[in-house]
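Chemist: fold the following for me, if possible:
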Amino acid sequence: MTFLWGSATAGHQVEGNNVNADIWLLEQVPGTSFVERSGDACDSLNRWSEDVAIVRSLGLNAYRFSTEWSRIEPAEGQFSQAWLDYYARIAAACHDAGIAPVVTLSHFTSPRWFAAAGGWSNPQAPGLFARFADRVAQALGAFASHVVTFNEPNLPLMGKWSATPIADPVRTGLEAMLTAAARACGSDRYDVWVYSRGEHLDTLLAGHRAARAAWKRVRPTTPVGLSLAIPDTQGVGTQAGVDAYRRHAEAPFFEAAREDDFVGVQTYGRLLLGDNGVVPPASDAERTQSGDEFYPQALGAAITHAHRESGKPVFVTENGIAAASDAQRARYIPAALASLQAVRRNGVPVLGYLHWSLLDNFEWRRGYTQQFGLVAVDRHSFTRTPKPSARVYADLVRRAA
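Modeler: So this is what the prediction gives:
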């Protein structure tokens, strides 16, 4: 099987004006903790063909993008054939260009009506998500090379081990923001998985299984999995902290992945854990733009761990850094890929590598303050300009072919 070298984006982060999405509303409410609104994003809604052309120009053979549920089903039970056709055109264009379309069904966002009905606390949620997956499979299943049901569904469970907790509404102001969104919808609840404490995990995993089954009924041979946030977790002192973290934030998902065709790995660095929690990196450690430790070799360790725990082939569905200076990214990519190639030589089955991200895009509550892209995007004209790191990556891929 041909190894897939590519890059990734997500609909809400690049398309723009995703007005029916749950997170769009969170950006608008009074007291929002989003530093900026997504607005037009990268205008990939209209410029997606430019993005596909850039992928091809770099000599890559895979492109990961997401289908926005809130566009396809803007009101419960009302499906838009026009939007299904839109995403089918992207997948077909990739396919015709010799680029494998890797399709993500849910990249953090859901329809506003879904959140107002309780999100994944709603017992009907798995069936609703499966119905959406079926419609997408029928529209573009003939072209998709791989399907990712959920992007980093373990992220909320990682919160208590983060230096800036993701899933602590008291510390982050999420509770007030979610309450304001519920009020705006005329509901008593507004549940958004990525900004939760990870409650109702069983319902979400049931949704993963239901969506996988729905897709397989339409396209039985398409590989389906989920992508997980997997740092290189290292113990400081004993392994007790690592073991506790993995039981909570990884084990349920690896167990679910045993029924899948692959496990997606998304690695951005390492996590140092002592018995009492996170141990910060050394004071003189090199940092990325997001404040994380610069540690590209984390990728190989994360891949090996994910394969060992799931028993499945690994697909690196995201890896990269936020970098104010592209020179740092240009140093990061060769080191990360060296760790990837080392584990492949050791026999770990890896299907492909997708760099995050193709474009400098909307980074959720951080707005446009951080640059993950291989390609710069002018915030006014939307002109795309490949960075030197894009050429570094392209050259490495060409030599690996």
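Chemist: could you use CA atoms for every contact and neighbour count after this?
Modeler: Will do.
Chemist: so which elements touch the helix or strand harbouring N46?
Modeler: N46 is located in helix 44-57, with elements delineated by DSSP states H and E. Contacting helix 44-57 under the criterion 3 or more CA pairs under 8 Å, 6 or more residues apart in numbering; DSSP states H and E are the following elements: strand 62-66, helix 81-96.
Chemist: for the protein, which helix is longest?
Modeler: In the chain, assigned by DSSP state H, the helix with the most residues is helix 326-345.
Chemist: roughly how far is that one from the heart of the chain?
Modeler: Averaging C-alpha positions (CA atoms, centre = their mean, to the nearest Å) puts helix 326-345 20 Å from its chain's average.
Chemist: what does stretch 39-57 give?
Modeler: Counting by CA atoms, centre = their mean, stretch 39-57 comes out at 18 Å from the chain centroid.
Chemist: what does the average pLDDT come to for it?
Modeler: Across stretch 39-57, pLDDT averages out at 98.
Chemist: and stretch 354-363, by the same measure?
Modeler: 98.
Chemist: any regions of the stretch 51-200 of the chain where pLDDT drops low?
Modeler: The stretch 51-200 of the chain contains residues with pLDDT under 70 at 162-172.
Chemist: tell me which stretches of it form helices.
Modeler: Under the criterion DSSP state H, counting those that start in this stretch, helices of the stretch 51-200 of the chain are mapped to 69-72, 81-96, 112-116, 125-140, 169-172, 174-185.
Chemist: could I get the buried residue list for the helix or strand just after the last one?
Modeler: Proceeding N to C from helix 174-185, the next assigned helix or strand is helix 201-218, under DSSP H and E. Under the neighbour-count criterion of 16 or more other CA atoms under 10 Å, helix 201-218 has 201, 203-216, 218 buried.
Chemist: who's in contact with the helix or strand following helix 201-218?
Modeler: The element immediately downstream of helix 201-218 (helix or strand, assigned by DSSP H and E) is strand 224-229. Outside of strand 224-229, the residues within contact range by CA atoms under 8 Å, 6 or more residues apart in numbering are 146-155, 208, 212, 253, 257, 260-267, 317.
Chemist: which of these count as buried?
Modeler: Using 16+ other CA under 10 Å as the threshold, 146-155, 208, 212, 253, 257, 260-267, 317 are the buried ones among the contacts of strand 224-229.
Chemist: hang on, the earlier thing: out of the helices and strands packed on helix 44-57, nearest to E50?
Modeler: Closest to E50 of the helices and strands packed on helix 44-57, according to CA to CA: helix 81-96, at 11.0 Å.
Chemist: how far is the closest one from where the chain is centred?
Modeler: 20 Å.
Chemist: same deal with stretch 195-214?
Modeler: How far stretch 195-214 lies from its chain's middle: 16 Å, per CA atoms, centre = their mean.
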